[in-house]
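> dropping a prediction and its sequence here:
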Amino acid sequence: MLSFPELQVQERAIARRPTAFPYIPGLLSFREVPTVLAALERLKTLPDLLLCDGQGIAHPRRFGIACHIGWLTDLPAIGVGKSRLVGQHAEVPEHKGDWTPLQHQGETIGAVLRTRATTKPLFISPGHRISLETAIEYVMRCTTKYRLPETTRHAHKLASEISAAQLEAELESQQMTLEL
DNA sequence: GCGACAG
DNA sequence: ATCTTGTCGC
């Protein structure tokens, strides 16, 4: 969890669970929501806004993981996808901050946003209690010099730190076994 | 039937 | 997502 607009780490929480559902495009929530909720419950303070790794309403049934998490927690949530699930869009202009609407079946479901020049754009869509315009604004203000917002970058870093630590622990126990 | 398909 | 070495561009 980061402060806004300073983007300084305020608190960290993590949860690890066995995979209980396969990855199926369109059904990502069933695989990841339980663990995300477990991590959120471990925070002492709840966030005022969630930037979720995946789609909001830019989903076949307009209910991606950001909608799911936002609905269950009643927290404002934004879908920040690294690639497209559904919808079509025009070529996105080349400069940071430029964006093009993402449309599907006659409606605008999100924005294809250039958070950094010369890199693939991000797929932004409302998840819960936020408009597309406001969502784009927050994503930009949470982004510095990289393609992904700082929130997502910190989350990935924490997750990899933990898995690396657990891998080391496993190797340690294997060494113990060999020595016996 | 064929192609597409968040993480 | 993960595997996986070097490498191309800002």
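The structure has been received and is ready for your questions.

> can you tell me how far the one residue in chain A that gets nearest to DNA strand C sits from residue A:95?
Here chain A gets closest to DNA strand C at one residue, residue A:118, 4.7 Å apart by CB to the nearest atom of the strand. (Glycine included, C-beta is placed from N, CA and C.) Look at residue A:118 and residue A:95: by CB to CB, to the nearest Å, they are 10 Å apart.

> what's the answer for residue A:82, then?
20 Å.

> number of residues surrounding residue A:117?
12 (other CB atoms under 10 Å).

> contacting residues around it?
Taking CB atoms under 8 Å, 6 or more residues apart in numbering, we find residue A:117 in contact with A:94-96.

> for the spatially most central residue of chain A, list each beta-bridge partner.
Compute the mean C-alpha point of chain A, and by CA atoms, centre = their mean the closest residue is residue A:53, 1.8 Å away. With DSSP bridges applied, the residues forming beta bridges to residue A:53 are residue A:80.

> shouldn't it be in contact with residue A:78?
No - with contacts counted by CB atoms under 8 Å, residue A:53 stays clear of residue A:78, the gap being 10.6 Å.

> how about the helix or strand where residue A:163 lies, does it reach DNA strand B?
Counting by DSSP states H and E, the element that carries residue A:163 is helix A:150-179. No - against DNA strand B, helix A:150-179 shows no contacts by CB under 7 Å from any atom of the strand, the least distance being 8.9 Å.

> ok now that helix, how far from the chain's centre?
The gap between where helix A:150-179 is centred and where its chain is centred comes out at 21 Å by CA atoms, centre = their mean, to the nearest Å.

> now it: buried residues?
A:150-155 (16 or more other CB atoms under 10 Å).

> does stretch A:66-74 come close to DNA strand C?
No - against DNA strand C, stretch A:66-74 shows no contacts by CB under 7 Å from any atom of the strand, the least distance being 15.0 Å.
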